[in-house]
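A.B. asks: Here is a sequence with its predicted model. Questions after.
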Amino acid sequence: MLTFIWAQDRDGYIGKDNTMPWRLPADLQHFKKETDGQTIVMGRKTYESIGKALPNRENIILTRNPNYVLPDAKVVHSKEEILELATEKSVFITGGAEIYQLFLDDADVLIVTHVEAECGGDTRFPAIDWKKWKLIKREDGVRDAKNDLDFWYGWYEKEAK
């Protein structure tokens, strides 16, 4: 199974200068809870923006660079390797935009943090046809001193054809 997980603002922005254009610690905790103990896939740029493999997860980095080697993550070079892995176990696609675009037609589940603000940025989530997805669960985030924007989590499943 292939699950996408990401946060976006009202305009679909997911990043600015290789970071998130908002500060929502609750969303980072949500990401950690959802992906803990799982296999996560990210692109090289996303990995480098984090600076290390995320703990307690199998980290897989997808890159076109055949010489790219990491001491703390598995490096793969093809979409097919990820799709094959997703037939055996749950795999979370965690970004960035190019990686989401590459797997968009293959996703089974979406877990989205909807940031109810216009934060701007330089990177948007790829265009998605929301008619193909059904919201199966919604959970409101808590706005507080550390999380100063309204947000909510949505879990979506692909509509049957």
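C.D. replies: Noted; the coordinates are in hand.
A.B. asks: contacts and neighbour counts: CA atoms only from here.
C.D. replies: Will do.
A.B. asks: show me the residues around the most centrally placed residue in the chain that make contact.
C.D. replies: In the chain, the residue lying closest to the centroid (C-alpha atoms, centre = their mean) is Thr94, at 2.9 Å. Taking C-alpha atoms under 8 Å, 6 or more residues apart in numbering as the definition of contact, the neighbours of Thr94 are 4-6, 40-42, 100.
A.B. asks: Now with 7 Å, please.
C.D. replies: Listed by C-alpha atoms under 7 Å, 6 or more residues apart in numbering, the contact set of Thr94 reads 4-6, 40-42.
A.B. asks: Make JSON lines from these and add secondary structure to it.
C.D. replies: Written out in JSON lines, the entries for these read as follows (DSSP: H, G, I helix; E, B strand; the rest coil):
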{"residue": "Phe4", "secondary structure": "strand"}
{"residue": "Ile5", "secondary structure": "strand"}
{"residue": "Trp6", "secondary structure": "strand"}
{"residue": "Ile40", "secondary structure": "strand"}
{"residue": "Val41", "secondary structure": "strand"}
{"residue": "Met42", "secondary structure": "strand"}
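A.B. asks: any idea which of those residues is the one closest to Asn18?
C.D. replies: Taking C-alpha to C-alpha as the measure, Met42 is the one of these closest to Asn18, at 13.2 Å.
A.B. asks: What count of nearby residues applies to that closest one?
C.D. replies: Neighbouring residues of Met42 were enumerated by other C-alpha atoms under 10 Å; the total is 23.
A.B. asks: surely it meets Phe92?
C.D. replies: No. Look at Met42 against Phe92 with C-alpha atoms under 7 Å: they stay out of range, at 8.7 Å.
A.B. asks: give me the low-pLDDT residue ranges for this structure?
C.D. replies: Judged by pLDDT under 70, the chain has its weakly predicted residues at 161.
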